[in-house]
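K.L.:
give the three-dimensional model of this entry:
(chains A and B)
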Amino acid sequence: MKLYEYMAKEVFRAFDIPVPAGRVAASPEEAGEIARELGGDVAVKSQVLAGGRGKAGGIKFAGCPEEALDAARELLNQEIRGYRVERVLVEEKLTIDQELYLAIAVDGAARSPVVIASSRGGVDIEQVPEADLIRERIDIRWGFRPYQARRLAYRLGLTGAVARGVASIAIRLYRVFRERDAELTEINPLVVCGNDVLAADARLNVDDEALFRHGDLPKVEEGTEIERRVKSFGLSYVELDGDIAVMANGAGITMATLDILQRYGGRPANFLDAGGGAGTEPTARAIETLLMTRPKAILINIFGGITRCDDVAWAIVQVRNTRGIPVPLVVRLVGTNQEEGVRILRENGLRAYSEMHEAAEKVVALASGV
Amino acid sequence: MAILVDKETRLVVQGITGNQGSFHTKRMLEYGTCVVAGVSPGKAGRAVHGVPVFDSVAEAVEGEGANASVIFVPAPFAADAAMEAIDAGVGLIVIVTEHIPVQEAMEVIAFARERGSTIVGPNTFGVISPGKCKIGIMPNHIYQPGPVGILARSGTLSYEIAAGLSAAGLGQSTVVGLGGDRVVGLSFTDLLPALEDDPETEAVVLVGEIGGSAEEEAAGLIASMRKPVVAYIAGKSAPPGKRMGHAGAIIERGKGTYESKVKTLERAGVEVADLPWKVGEVLKEVMG
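P.N.:
Numbering: from 1, shown residues only, chains lettered A, B, ... in the order given. Coordinates of the predicted model:
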């Protein structure tokens, strides 16, 4: 779960990581009021879950409350990188001497947390060459030690109070990472203003699997309406831009099914992993979800290992008999209880394919109206 | 021979009294796996499908000589179960449970390294040496003993490929599910040397997917292997930034793309099959 910048900054505050003075606003008037309280120049920052918002025009500066109100009016309800802006964060404008980058992420290859830092912050970190990135791998048993944080600050070319400030923020950021079960927490830019160091931006992505022990965090839902709906009943769903709805059982085979479809000239409408071992009811729900996307055709690709072909067949028949399936449906069904599954489909006037390429060819032809 | 598991494997099932634990204990027994004990705290003295249940892994090790464990414990308690097995000196721990918090997975793996245990998973279908021993949830009927080692990041896709190979007369020496999570105990690079040294293995199949760098790292080792390696990589059509089910299956920051993986593997001499059902054909060519 990704937190909005203003939520992440609340967490940072609780861990004594310095952030600029400011508050979040849901209306232009509120934004103007916050600017009045802050006094002086302010930054009005749209709150979206996408990166690169500055470049997309999502951050404006204002010299007085009226300007802040106007800026918020422009930003609110605007679309930034595919996200509608529902809130803006109004903050004191900083006088910046230097912009740094600091993040703590999961290094899958090393199976450990890693601290990543750069003296070239403020830009899209993907554009920073590898040579300008500093990495400190952390042994999760011992945590991020002060000497490592000092080493990091010195390698960034910092000295004195600024080096101490960066090192102490790095240590606190690691506490955020651990205590909030982050997958990624990032400060870009981490800014130097005189002797002060502040988190000008904040990112905190919390591990979905650990949310059960973070009930105090705000809930942020991401994704389209259908994606949210499917997630709510425990299946994995991603919307794509094609017209053939796809369901398979297992993430790998679902991905492979999309690849095969594309290879045969089709355009998948979604990724839907019905899971290994799903019974009739969850499978029926998954098929109903596919229908909500109004596809031109549907492809169901089942390799029954733990999943039973007869369960899948009953699910298909159940959906067809209750709410109807108004578009062409192609089913490939092999594996556990295959004969029974194929028989159930046949008795209900449906054909099952056993070869994946036949099914793919067929559904592509049907979707293009051949 | 085979790798990781064989006829000497004596398995303890952690979470044996739960639905999944009990069901798969039965299937593993049917396959011929030597399941010697189960663990379910507070339920010692019972038996599940004739397998004695203990309160702790240490007692299962002491009482029944268990040397491998499989974990079906629910996610919030699974890392603790794995640590208990490591502490009891179990050498091979297969974590089937999915949805374990990633930081707990890192802690388990760090502890396992310290004590010399091997972790497979989390979120794995398991390990099988056909005809000898099966640890996990994969279907019993799709494998045949034979010369092909399979290392896979995903379950059902590897079932599909294994079944295709079996049908084509290409049996398997050992099949390992690495697990679908971002952080897992074993990667391709940890197992390729063992397969290269295994006298029963003549060729290797990698079932990879987009995301992470496991395939690229594998390529570095494969370049110096004698045995032929064939790969299939899922996720060619996946758009960047979208997580395709598995926690690792996401193209992030332009890394872990299909193109990068295929190019790196091909440069190392791997034949990459462009469709899953072609893996058998390609294998037959490279095996001569």
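K.L.:
how close does the residue of the stretch 51-200 of chain B found nearest chain A get to residue A:364?
P.N.:
Among residues of the stretch 51-200 of chain B, the one nearest chain A by C-beta to the nearest C-beta turns out to be residue B:154. It sits 2.4 Å away. For every residue, glycine as well, the C-beta is placed using N, CA and C. Plainly put, residue B:154 is 24 Å away from residue A:364 if you go by C-beta to C-beta, to the nearest Å.
K.L.:
what is the one helix or strand in chain A whose mean pLDDT sits lowest packed up against?
P.N.:
Across the helices and strands of chain A, mean confidence by mean pLDDT, DSSP states H and E is lowest for helix A:225-232: a mean of 82. Helices and strands in packing contact with helix A:225-232 are listed as strand A:236-239, helix A:280-292; criterion 3 or more C-beta pairs under 8 Å, 6 or more residues apart in numbering or on different chains; DSSP states H and E.
K.L.:
how big is the angle separating that helix from helix A:280-292?
P.N.:
Here helix A:225-232 runs at an angle of 170 degrees relative to helix A:280-292 (axes from the mean of the first three to the mean of the last three C-alpha atoms, to 10 degrees).
K.L.:
shaky segments in the chain?
P.N.:
You didn't pick a chain, so chain A it is. When the per-residue scores of chain A are filtered using pLDDT under 70, the ranges that remain are A:277, A:370.
K.L.:
could you do chain B instead?
P.N.:
Low-confidence regions of chain B, defined here as pLDDT under 70, cover residues B:1.
K.L.:
tell me where it has strands.
P.N.:
Read by DSSP state E, chain B holds these strands, from start to end of the chain: B:11-14, B:35-39, B:47-48, B:51-54, B:68-71, B:92-95, B:118-120, B:126-129, B:133-136, B:145-152, B:172-177, B:203-209, B:229-234, B:271-272.
K.L.:
after the longest helix seen in chain A comes which helix or strand?
P.N.:
Longest helix of chain A, by residue count under DSSP state H: helix A:160-179. Per DSSP states H and E, helix A:160-179 leads on to strand A:182-193 as the next helix or strand towards the C-terminus.
K.L.:
quick one: strands adjacent to that next one?
P.N.:
strand A:98-107 (antiparallel), strand A:196-199 (antiparallel), strand A:203-206 (antiparallel) (DSSP bridges).
K.L.:
could you report the neighbour count for the residue nearest to residue A:188 when sequence neighbours are not counted?
P.N.:
With C-beta to C-beta, 6 or more residues apart in numbering or on different chains as the criterion, residue A:188 has its nearest non-adjacent residue at 5.0 Å, and that residue is residue A:101. Residue A:101 sits with 23 neighbouring residues when counted by other C-beta atoms under 10 Å in any protein chain shown.
K.L.:
and residue A:101, how far from residue A:143?
P.N.:
As it turns out, when the distance is counted by C-beta to C-beta, residue A:101 lies 21 Å from residue A:143.
K.L.:
just residue B:47 next, same as before
P.N.:
According to C-beta to C-beta, residue B:47 stands 43 Å off from residue A:143.
K.L.:
of those two, give the one with the bigger neighbour count.
P.N.:
More crowded of residue B:47 and residue A:143, by other C-beta under 10 Å: residue A:143, with 14 against 10.
K.L.:
list the contacts of the closest residue to that one other than its chain neighbours.
P.N.:
Residue nearest to residue A:143 in three dimensions, not counting chain neighbours: residue A:174, with 6.8 Å by C-beta to C-beta, 6+ apart. Contacts for residue A:174 were tallied using C-beta atoms under 8 Å, 6 or more residues apart in numbering or on different chains; they are A:104, A:113, A:115, A:138, A:143-144.
K.L.:
of those, keep whichever come out buried.
P.N.:
A residue is treated as buried here by neighbour count (16 or more other C-beta atoms under 10 Å in any protein chain shown); on that basis the buried members of the contacts of residue A:174 are A:104, A:113, A:115, A:138, A:144.
K.L.:
out of those residues, which comes closest to chain B?
P.N.:
Within the set of the buried ones among the contacts of residue A:174, residue A:113 lies nearest chain B; the separation is 7.0 Å, counting by C-beta to the nearest C-beta.
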